[in-house]
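J.: Need the 3D shape of this:
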Amino acid sequence: MPSPCPRCIPHTGRRVLRDYMPEQHREFFGNQQLLYFAAQDPATGTVWASVLAGAPGFVSSPTPRLLNIAGHSHMAGDPAAAFLVPSSSIGLLGLELHTRRRNRLNGTVLERLQDGTLLIAVDQSFGNCPKYIQARQVELDPQQLQHMSTQAAVGARHGTGALEPELRRLIAAADTFFLATSSSNASSNCSDTSPASSIDTTTAAVVPAASFAGITPSVAQSTTAGAPLQLVVGANGEVTGKGWVPLQPTKAACGLDMSHRGGAPGFLTVSEDGKSLHWPDYIGNDMFNSLGNLTLNPTCGLLFIDWATGDTVQLTGNAHVDYDDTSLPGAKRAIVFEVVTWRHAAKALPFAKITFLDASPHNFGVLNASEMSSNAAAAATIAAGEWLRCTDVRLEADGIKSYVFEASAAMRAAIAAGRPPYQPGQYASFDFQLPEPAGNNLQTASEAPASTAHDGKTTPDTENPLTPSQPTPGAARQVSKAASQILQAAAVVVNRTWTISSHPSETVASGRFSITVKKAGRVSTHLWQSMRPGQHVRFKGVGGTFTLGAGSERPMLLIAGGIGITPMRTMFLECIKQHRPATLIYSVSCASEAAFLQELRQAASAANAAAATGAPVAAAAVASVGQKHVAAALLAAPPYQVHLVVTRNALSLQSEVVQTPAHTMANEDNAAAVLPPIVHHGRVTSDMLAQLVPGSAQCDVYLCGPAAFMEAVTDMFMGQLGHAHEPLTESFDY
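T.: Take a look at the predicted model:
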């Protein structure tokens, strides 16, 4: 759909926006070397996008509702830094390029010291998905970093209107830029009663004095039941007062927000006269922070970084969202930005070394603007991708199928080098062409008539000789021809990701990997109805950070809701491989929808039998926990357990459970007898979790499933079960 769904946005906001930073975000910000920010000139309303830099630790969080940024971290002569003053709004983005993690924080500056140290109160804290982020390893020069903000801004130039040719080339080649927006024009339209932050002194208690030594008394705005209130930060750095103190309304923040935009080089185009920019808006988190702000206030700022030199380009201007413009590949809509002012600073960031790791597997293709009308040119300029052949389709459970593909070139290279082709929990990214009119069936490339598929049962493809071991001469040309034919009939590129449901060891052994898809939505419905062995899809790559944490020996608790079982299958098998105790709780509407149940129980039974012979796994579990009553419970229970939770009453488990084929790991063909079914009826509750996993507080908890399911389970852990850390989650919302 071309425009945001008004019903989706409030639900998404309530689910993901917090007025505090979870522990993961606090640690994340403390590890950053670059911190991107949005600031606004209160006199003119001009919005600036910029970046702060420092050694890891220059950003810290003394409490979940406060962020501290060390001084001398701004670029020399940066105009945006001048507007970071007490009571001003600030939008922050932390982006860890090498892991593609990003978290955002919108807040209010409580205090600024003479050296530029900032104390910021949290208004909104939320995470974003890893899509469209190009992975880079950033190394800063420690010596240059010490003098970054104090040295003269050598080589800085600025102007108005049209961009110079050099800047046009830099921007046209960019694969990343940053967008700063504001909900209001600060010079005339800010709300006089809106809160600036939401710090609760009844829970925030005392901030250690050492964290903010020398800070003068300050005032932070907040609200309870809509009434403006204040919090006093004393000269000794402590939060004083035992409750809320009424405060007269003051001019408040203007909803500043900082976001990332990425794509293949050339995804953003510059007009011939250099006065405007045009870029696609891809499918993302459905939060619409930036687009919502631009709808209210077109004033915005852009930041471009030349990763090779450390040069920065800052633009200010006005942007218009064209909800009907889907002319660019992958675009759900498009943005046109009119340049008002520009600033170019040479070597503004003290880069010692920047290593490009890889492009985002979600990137769409790019088109030369002068050739947009040519279908042949469109086919020729689609971004790099690899056509992979489907080799098998199988039914896993009611409404769930697995699709097996040949391993990609990158996977094969990793295997040849002795590395795993991917990590358990990662996803595979694919591009599809949506033809016009909208009622047409979605198409994929196919070289020749392939086998038929009926209800997941496949017939061997005897007419298509293309196999991984014996590629057909001219196969690449045939795929390109088929792809070109599809492109000629298509107007929109759709990118979809699915968790890889095969374990890396299975791909090493077979040269194939699989995804598992629930029939829901247009693309997945197409796969269900049309995909069969012999057909090809365009594969973009592997990504994702929802993987097992390195170095931890704590027992694992994996909780899956519905199709959320896909990453949990590979993680559970990986835990067995690592001799790491694991409990899987799998919630489904009815037992017939439980994919992989039989094979996971077989794998758990075999691992438990092996552990019983020498008990190395149980011993590791006890050593990891360290609590006597919990250790006793773990010793009494098998180290690997699979619990099925059925939310609807089942007439008969035997009649409902789908007998799926075994896809167990290598050397598990002689598995011990399968454990009897462990089935629980009803919904996952805190009492159920406490009973099934009495030591859950000492487990690493991973959670995947529908949004409402993950939200409810997270609330249980943080509320009734009293966990200190939220479960690690994987979302289907992007």
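J.: show me what contacts the closest residue in space to residue 183 that isn't next to it in sequence?
T.: In this structure, residue 183 finds its nearest non-sequential neighbour in residue 255, 3.1 Å apart by CB to CB, 6 or more residues apart in numbering. C-betas here are computed from N, CA, C, even on glycine. Residues in contact with residue 255 (CB atoms under 8 Å, 6 or more residues apart in numbering) are 89, 106, 182-184, 293.
J.: where does the stretch 251-400 of the chain have low pLDDT?
T.: Counting by pLDDT under 70, the stretch 251-400 of the chain has low-confidence residues at 251-254, 285-286, 366-384.
J.: hang on, the earlier thing: taking the contacts of residue 255 one by one, which sit in helices?
T.: Taking DSSP state H, the ones among the contacts of residue 255 that sit in helices are residue 293.
J.: looking at the protein, which helix or strand is least sure?
T.: Averaged element by element with mean pLDDT, DSSP states H and E, the chain has its least confident helix or strand at strand 453-454 (a mean of 28).
J.: Spell out the residue ranges of the helices in the stretch 101-250 of the chain.
T.: Applying DSSP state H, counting those that start in this stretch to the stretch 101-250 of the chain gives helices spanning 142-146, 165-172, 201-204.
J.: Could you dump the ones you listed into JSON lines with distance to residue 279 and mean neighbour count added?
T.: JSON lines is the format used below for those (distance: least, CB to CB, whole Å; neighbours: other CB atoms under 10 Å):
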{"stretch": "helix 142-146", "distance to residue 279": "31", "mean neighbour count": "14"}
{"stretch": "helix 165-172", "distance to residue 279": "10", "mean neighbour count": "16"}
{"stretch": "helix 201-204", "distance to residue 279": "40", "mean neighbour count": "14"}
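J.: Adding mean pLDDT as columns, could you present these in a markdown table?
T.: Converted to a markdown table, the helices of the stretch 101-250 of the chain look like this (pLDDT from 0 to 100):
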| stretch | mean pLDDT |
| --- | --- |
| helix 142-146 | 88 |
| helix 165-172 | 94 |
| helix 201-204 | 32 |
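J.: between the ones you listed, which one is nearest to residue 560?
T.: helix 201-204 (32.4 Å; CB to CB).
J.: wait, isn't residue 121 in contact with residue 111?
T.: No: here residue 121 does not reach residue 111: they are 9.8 Å apart, not a contact under CB atoms under 8 Å.
J.: returning to what we had before: show me the two of the contacts of residue 255 that sit farthest apart.
T.: Greatest spatial distance in these: 106 and 184, 13.3 Å, computed using CB to CB.
J.: Strands of the stretch 551-700 of the chain, start to end?
T.: Remark: strands assigned in the stretch 551-700 of the chain by DSSP state E, counting those that start in this stretch are 556-561, 582-588, 640-646, 679-681, 700-704.
J.: other SSEs contacting the second one?
T.: Contact partners of strand 582-588 among helices and strands, from 3 or more CB pairs under 8 Å, 6 or more residues apart in numbering; DSSP states H and E: strand 556-561, helix 565-577, helix 597-614, strand 640-646, helix 686-692.
J.: Spatially nearest residue to residue 168, not counting backbone neighbours?
T.: Closest to residue 168 by CB to CB, 6+ apart is residue 270, at 4.7 Å.
J.: swap that for residue 515, sorry
T.: Distances taken as CB to CB, 6+ apart put residue 498 closest to residue 515, at 3.9 Å, once the chain neighbours are dropped.
J.: a strand runs through that neighbour, doesn't it?
T.: Yes: counting by DSSP: H, G, I helix; E, B strand; the rest coil, residue 498 is part of a strand.
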